[in-house]
Every structure is written in C-alpha cells, then in structure tokens.
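> pasted the sequence and its predicted model underneath.
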Amino acid sequence: MHNNKANNHLPVRPHEISLSVPVLELHSNHKPEILQHLLSLNEEDRRLRFGTQTPDQVIHQYVEGLDLDKDTVFGCFDAQLQLIGMAHLAYLPKAVGQAQAAEFGVSVLPEGRAQGIGTALLARAAVHARNTNIETLFVHCLANNKAMMHLAQKAGMQVEYAYGDADAYLKLPPANHSTRAQEAANEQWGDFDYALKGGLKRATEVLRLMIGKPIKTP
Ligand SMILES: CC(C)(COP(=O)(O)OP(=O)(O)OC[C@H]1O[C@@H](n2cnc3c(N)ncnc32)[C@H](O)[C@@H]1OP(=O)(O)O)[C@@H](O)C(=O)NCCC(=O)NCCS
C-alpha cells in the first residue's frame, strides 16, 4: 500500500551534505570496531537493523563477509574513538531495465541517538551514492520502526508499506561538480575529526600513565 500522508514531508535533500556531524569512510582495518559496534546492539535494535533476530554468530559472519572494495561503510566516532554510528551502503546487482540501486542500513548506539548522527550518515551515504552513479537509494525496514521511518520521510523518501515491512526509496539526481566537492570536503572533515580524536585519546592515555589515575574525557 502506498502511503501518501507519509510522503508529505519536505525533503531535507540528503544528497546536499551537511558537515555538522563528521562522518568517516571505513576500511577493512575498521572491521574490529564494526564488529564491536554491532555486538553492542541489544536484541531489539539488532531486529530493527537487520529485520530479524540476529545472534552474535550471524553478526560475526556479516562483518567477516563485508566486502569494502565493493560496498561502502561509513562511521561516526565518539571522543573515545568508539564507533557510535555506522551505515552500510550496499550496491545491488543491476537488473536489466532498472535503475542502478543501493541499499542503506544504519545503526546508532543508544547513547548517541537523537543527536543527528543517523541523519548525517544518511546524508553522507546519499551523496556518495549519487557520486557513484546510484539512481535509487533504498531502505528496507520494519514498519513499526518509528525512528527510521521518521529519518526516511524527513529525507524525502517515498515509503511503501506491505505485510509489516516498509520500503523507502529516494530517487537521486545525477552527480555534479558540487556533489563531488561536497563529498571531498566531508571526507577531509571526517579524516580530520578522526585524527584529532585519536591524538586526544593518545595524549589522555599518556597523561593518565604520568598521573597514575583515570582522566575524564568529554
Ligand atoms: C534509526 C536510528 C539509526 C536513528 O539514529 P539517530 O542518530 O537517533 O538519528 P537522528 O538523531 O539523526 O534522527 C532521529 C530522528 O528520529 C526521531 N525519532 C526518534 N525516535 C522516534 C520515534 N519513536 N518516533 C518518531 N520519531 C522518532 C528523532 O526525533 C529525530 O528526529 P528529528 O531529527 O526530526 O529531531 C537509531 O534509532 C537506531 O540505530 N535504531 C536501531 C537500528 C535501526 O532501526 N536501524 C534502521 C534500520 S536499517
């Protein structure tokens, strides 16, 4: 069933990227952090993220199977360099006569929620998708996933509901100089933020060793 009311939100143009939350593109060497992040999700969050009960073993297999040469994973880190939010942009096989599409899946740890991290990950993934010739961005989620539905609708996605599931679609305009420049700027901002937090973390650890007691970081 098509839900017109759900689609009446003003799009925030996720392909026009915001720099307010730094987002880093992750690589294979981040797999331990990705694993740790997903294992930290409770049973209900795993169900919302993957659409089904997801035991630890399945998460291990999922992370091992992530092909970061083919797909793209984005992450947001807190001051302790904990991966607080991550998004997987999975490129779907091109079907004859259909637009090139990618699927977006996201999770943010409870302590990081309602601070714009999910929105920033969606924006970053959408502009990257646009710059890599993706025409349709797709999110599959449970229809009772209010937060994800809100995020999708705020981004101007079309939402269709069927049998307790919801499919959200976003048609992306083609890339241009501006989207490439936006992504380059966001990459630099993400790299800078990660390096800065890494430096602060190391400095704090050294200071802690010198003083001999824990130091509170923001
Ligand atoms: C969905 C999820 C990624 C959102 O992350 P987040 O960092 O909190 O997202 P943001 O802070 O950018 O935005 C959340 C928005 O949803 C709204 N929201 C949160 N809970 C809501 C609810 N129960 N009903 C309606 N809106 C809700 C917030 O108010 C906010 O809206 P605003 O930006 O207009 O103020 C996070 O809740 C999560 O990880 N959930 C578990 C996994 C999951 O559901 N993944 C999606 C399936 S792929």
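Thanks, I have it.
> how about low-confidence regions in this protein?
1-19, 213-218 (pLDDT under 70).
> let's go with 90 and repeat that
Applying pLDDT under 90 to the chain flags residues 1-20, 94-99, 141, 143-144, 153, 155-167, 169, 198-218.
> and the residue in it that the ligand sits nearest to, what element?
Nearest residue of the chain to the ligand, counting by C-beta to the nearest ligand atom: Gly118, 2.6 Å away. Every residue, glycine included, has its C-beta placed from N, CA and C. Assigned by DSSP states H and E, Gly118 belongs to helix 117-131.
> one more: Glu103?
strand 101-108.
> which residues of this structure lie near the ligand?
45, 48-49, 85, 105-108, 113-119, 139, 141, 145-148, 150-151, 154 (C-beta under 6 Å from any ligand atom).
> filter these to the buried ones?
Buried residues within those, counting neighbours by 16 or more other C-beta atoms under 10 Å: 45, 48-49, 85, 105-108, 116-119, 139, 141, 145, 148, 151, 154.
> what are the contacting residues of the one helix or strand Glu44 maps to?
Using DSSP H and E, Glu44 sits within helix 43-50. Outside of helix 43-50, the residues within contact range by C-beta atoms under 8 Å, 6 or more residues apart in numbering are 38, 41, 53-54, 58-59, 62, 105-107, 110, 141-142, 145, 148.
> try 7 Å this time
By C-beta atoms under 7 Å, 6 or more residues apart in numbering, the list of residues contacting helix 43-50 from outside reads Leu41, Gln53, Thr54, Gly105, Ser107, Cys141, Leu142, Asn145.
> check contacts around the residue nearest to the first one when sequence neighbours are not counted.
Across the structure, with C-beta to C-beta, 6 or more residues apart in numbering as the measure, the residue nearest Leu41 apart from its sequence neighbours is Ser107 (5.9 Å). The neighbours of Ser107, taking C-beta under 7 Å, 6+ apart as the test, are Leu38, Leu41, Asp45, Arg49, Gly85, Met86.
> could you redo the last one with a cut-off of 8 Å?
Taking C-beta under 8 Å, 6+ apart, one finds His37, Leu38, Leu41, Asp45, Arg49, Gly85, Met86, Ala87 in contact with Ser107.
> tell me the bridge partners for it.
Per DSSP bridges, the residues bridged to Ser107 are Met86.
> so which of the contacts of helix 43-50 sit within helices?
Among the contacts of helix 43-50, no residue falls in helices (DSSP state H).
> quick one, the longest helix along the chain and helix 117-131 angle?
In the chain, with assignment by DSSP H, the single longest helix is helix 177-211. Put simply, helix 177-211 runs at 140 degrees to helix 117-131, going by axes from the mean of the first three to the mean of the last three C-alpha atoms, to 10 degrees.
> for helix 177-211, name the packing helices and strands.
strand 24-26, strand 72-77, helix 117-131 (3 or more C-beta pairs under 8 Å, 6 or more residues apart in numbering; DSSP states H and E).
> save the ones you listed as CSV, and put in distance to Ala101 too.
Putting those into CSV (distance: least, C-beta to C-beta, whole Å) gives the following:
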stretch, distance to Ala101
strand 24-26, 20
strand 72-77, 14
helix 117-131, 9
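> okay, which residue is most central for this structure?
Nearest to the geometric centre of the chain sits Ala87, at 2.4 Å (C-alpha atoms, centre = their mean).
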